[in-house]
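Undergrad: Fold the following.
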Amino acid sequence: MILITEQIPEQSFELIAKQLGAIILLELENQNKLSCSKYDIQTFLERTIPIDKSEDVVVNISLNSVNYDEHNEFSVHGSHNFNIDVYTFSDDNICQTADQRSVIKIHRVVGWIRYILSSTKLKTLGFEPGIIGGTYVQSINYDDNYGNQDGSMSRMCRIVFNVRAFEIQDPDEITEFTINDTVIKLSNTDKGYKLIFNT
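TA: Here you go, the predicted model:
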């Protein structure tokens, strides 16, 4: 006999991942314009296709783990750990080596993301107050040995971002967890789910 007759709503980790991707896409696009950087930044959710050296800047957001505590029959607190991986690629030019260009590029983009995720303007990630219990940039780690070949210098960095949020179990008490999907949408590309502007 079926006991759960209601449709199970999207879980908080699903919605947080989408919202996090939308925020990073929008804010990076804005910073790119403000600084006149002209980086070709592509933002993905859970991309598993290998990153190619023909890509300029790739940001991939993936859920690493969720740890639950403060359990009761109606709700639980979740500590959601996201990996935000940033990849940059550069070639030599007259003024700078590929290595210099790639380092400058990754430091700039990682700095933007750290600032965005630490901003008090985005502490609720755009959800109604009371859903998100806190957001924290936990670490930034660079991998200087990532895929350097063929004269194209690449860099990789992982930002670990933690989001504390509530998960409601009682279907009669579910708080609406909504994201703004009028501006951003997920597109299933040959490289994975890419966040794009809804035009």
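Undergrad: Could you list the low-confidence segments of this structure?
TA: In the predicted model, the chain carries pLDDT under 70 at residues 92, 144-152, 169-182, 199.
Undergrad: Swap in 90 and give it another go.
TA: Across the chain, residues meeting the criterion (pLDDT under 90) sit at 1-12, 15, 36-38, 51-54, 69-77, 89-104, 127-131, 143-155, 166-199.
Undergrad: check contacts around the residue nearest in space to the middle of it.
TA: Using CA atoms, centre = their mean, the residue of the chain that lies closest to the mean C-alpha position is Ile61, 3.7 Å off. Applying CB atoms under 8 Å, 6 or more residues apart in numbering to Ile61 gives the contacts Ala17, Leu20, Gly21, Ile24, Thr43, Phe44, Leu45, Glu46, Phe82, Asn83, Ile84. Bear in mind the C-beta positions are built from the backbone N, C-alpha and C, glycine included.
Undergrad: in the sheet, who's paired with the residue lying closest to Val59 once chain neighbours are set aside?
TA: For Val59, the nearest residue in space outside its immediate sequence neighbours is Thr43; the separation is 4.7 Å by CB to CB, 6 or more residues apart in numbering. According to DSSP bridges, the residues that bridge with Thr43 are Val59, Leu195.
Undergrad: Tally up the residues packed near Thr43, please.
TA: Neighbourhood size, Thr43 [other CB atoms under 10 Å]: 24.
Undergrad: pretty sure Tyr39 contacts Ile104?
TA: No: taking contact to mean CB atoms under 8 Å, the distance of 10.7 Å between Tyr39 and Ile104 leaves them out of contact.
Undergrad: Mark which of the contacts of Ile61 are buried, thanks.
TA: Judged by neighbour count, with 16 or more other CB atoms under 10 Å as the criterion, the buried members of these are Ala17, Leu20, Gly21, Ile24, Thr43, Phe44, Leu45, Phe82, Ile84.
Undergrad: Specify which member of these is nearest to Tyr115.
TA: Distance ranking of the buried ones among the contacts of Ile61 against Tyr115, using CB to CB, places Ile24 first at 11.6 Å.
Undergrad: So the closest one, which state does it fall into?
TA: helix (DSSP: H, G, I helix; E, B strand; the rest coil).
Undergrad: do Glu55 as well
TA: Under the three-state scheme (three-state DSSP), Glu55 adopts coil.
Undergrad: Measure how buried it is and give me the count.
TA: What Glu55 shows, counting by other CB under 10 Å, is a neighbour count of 15.
Undergrad: Then Val66?
TA: The burial count assigned to Val66 is 18, neighbours taken as other CB under 10 Å.
Undergrad: which neighbours does the helix or strand containing Arg158 have in its sheet, and in what orientation?
TA: Taking DSSP states H and E as the criterion, Arg158 maps to strand 153-168. With DSSP bridges as the criterion, the sheet partners recorded for strand 153-168 are strand 75-90 (antiparallel), strand 132-143 (antiparallel).
Undergrad: Give me the buried stretch members for that strand, please.
TA: Buried residues in strand 153-168, counting neighbours by 16+ other CB under 10 Å, are found at 153-159, 161-163, 165-168.
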